[in-house]
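1. could you work out the structure for the sequence below:
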Amino acid sequence: MNIFVRTSALVLALCGAGCSLPTASQRAQQVYRLQPVAAEARPAERSPRSVVIHLLPVAAAPGLGSSAMLYSEGAGDGAPNAGGASPGEGAQSPVRPGLALMPYRDSRWLAPPAQLIGAAIAQTLSRQPWVSAVETNVRLAPPAWALHCELGRLEHDIDGTRGVVRLELTCQLAGDEPRGIVAHWRFDQWQAVTTNDAPHYAAAAQNLLDRALRDIVRRVRAHVLSGGRH
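-> As a prediction, the model looks like this:
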């Protein structure tokens, strides 16, 4: 009996030092990124003079400072838009966001979404033929324009089998001549998803960002073309 007790104690001690029981394998993390959009050719229109734009870091609303992909669940408030209307600015979403936000367990953004959106804005503007440079961290030349945006919302709202992705981005454009804020706008749109999962969430977020980026290009180009008198 004493031999058995001593042997058992030795086995337990050895296992405590170096043995481990098999554990369930963890699922690999899926990482998603957000991309810029290509330059749009406008051969029939007059192109504005080439300018330097200073892009400030995109600010993030509280809770959006991490790389978590956030979703809300169970806050339904009625039927979807009649006739399958396309989502747009000011259109009512078929799903009301819930009060509790939760992160996807096995999926995340490559970086905090404000950083990804900031990089996408910089790359999109730098691809425009009327932009000579987009300055972010270092100022190499006096910029004629400064752009600042804040990410207010990027989330996946789920109500049963229905789901929408919503992107809210607020921007201000400042000019050097005349000096001061020349434009302020808010992009707030949603897109329905056919499946409530991270891949469809990421794809819808990219589509919404494409719209927001084209809107930024359109607005900035109009003010550059008019010299701030718009």
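
2. what mean pLDDT does the longest helix along the chain have?
-> The single longest helix within the chain, with elements called by DSSP state H, is helix 198-226. Across helix 198-226, pLDDT averages out at 96.

3. before we move on, what about stretch 73-83?
-> pLDDT averaged over stretch 73-83 equals 48, rounded to a whole number.

4. can I assume residue 34 sits in a strand?
-> No. Checked against DSSP: H, G, I helix; E, B strand; the rest coil, residue 34 lies outside a strand; its state is coil.

5. how about it, what does it touch?
-> Listed by CB atoms under 8 Å, 6 or more residues apart in numbering, the contact set of residue 34 reads 109, 113, 116, 117, 120, 205, 206, 209. From N, CA and C alone the C-beta is placed, and that goes for glycine too.

6. what bits of this protein have low per-residue confidence?
-> 1-26, 40-48, 74-92, 94, 96-98, 178, 228-230 (pLDDT under 70).

7. now the helices: where do they sit in it?
-> 2-18, 113-126, 198-226.

8. now for the shortest one, which elements pack on it?
-> Read it as helix 113-126. Of the remaining helices and strands, those touching helix 113-126 by 3 or more CB pairs under 8 Å, 6 or more residues apart in numbering; DSSP states H and E are strand 51-55, strand 59-60, strand 131-135, strand 145-159, helix 198-226.

9. let me have those in JSON lines, extended by mean neighbour count and distance to residue 185.
-> Below are the helices and strands packed on helix 113-126 laid out as JSON lines (neighbours: other CB atoms under 10 Å; distance: least, CB to CB, whole Å):
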{"stretch": "strand 51-55", "mean neighbour count": "20", "distance to residue 185": "16"}
{"stretch": "strand 59-60", "mean neighbour count": "17", "distance to residue 185": "15"}
{"stretch": "strand 131-135", "mean neighbour count": "18", "distance to residue 185": "19"}
{"stretch": "strand 145-159", "mean neighbour count": "21", "distance to residue 185": "10"}
{"stretch": "helix 198-226", "mean neighbour count": "18", "distance to residue 185": "6"}
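
10. so which of the ones you listed comes closest to residue 125?
-> Residue 125 lies closest to strand 131-135 among the helices and strands packed on helix 113-126, at 4.9 Å (CB to CB).

11. partner strands of the closest one, with direction?
-> For strand 131-135, the paired strands and their directions (DSSP bridges) read strand 51-55 (parallel).

12. the strand it pairs with to helix 198-226, inter-axis angle?
-> Angle of strand 51-55 versus helix 198-226, following axes from the mean of the first three to the mean of the last three CA atoms, to 10 degrees, is 140 degrees.

13. need the contact partners of strand 51-55.
-> With CB under 8 Å, 6+ apart as the test, strand 51-55 has contacts from 118, 121-122, 125, 130-136, 139, 141-148, 220, 224.
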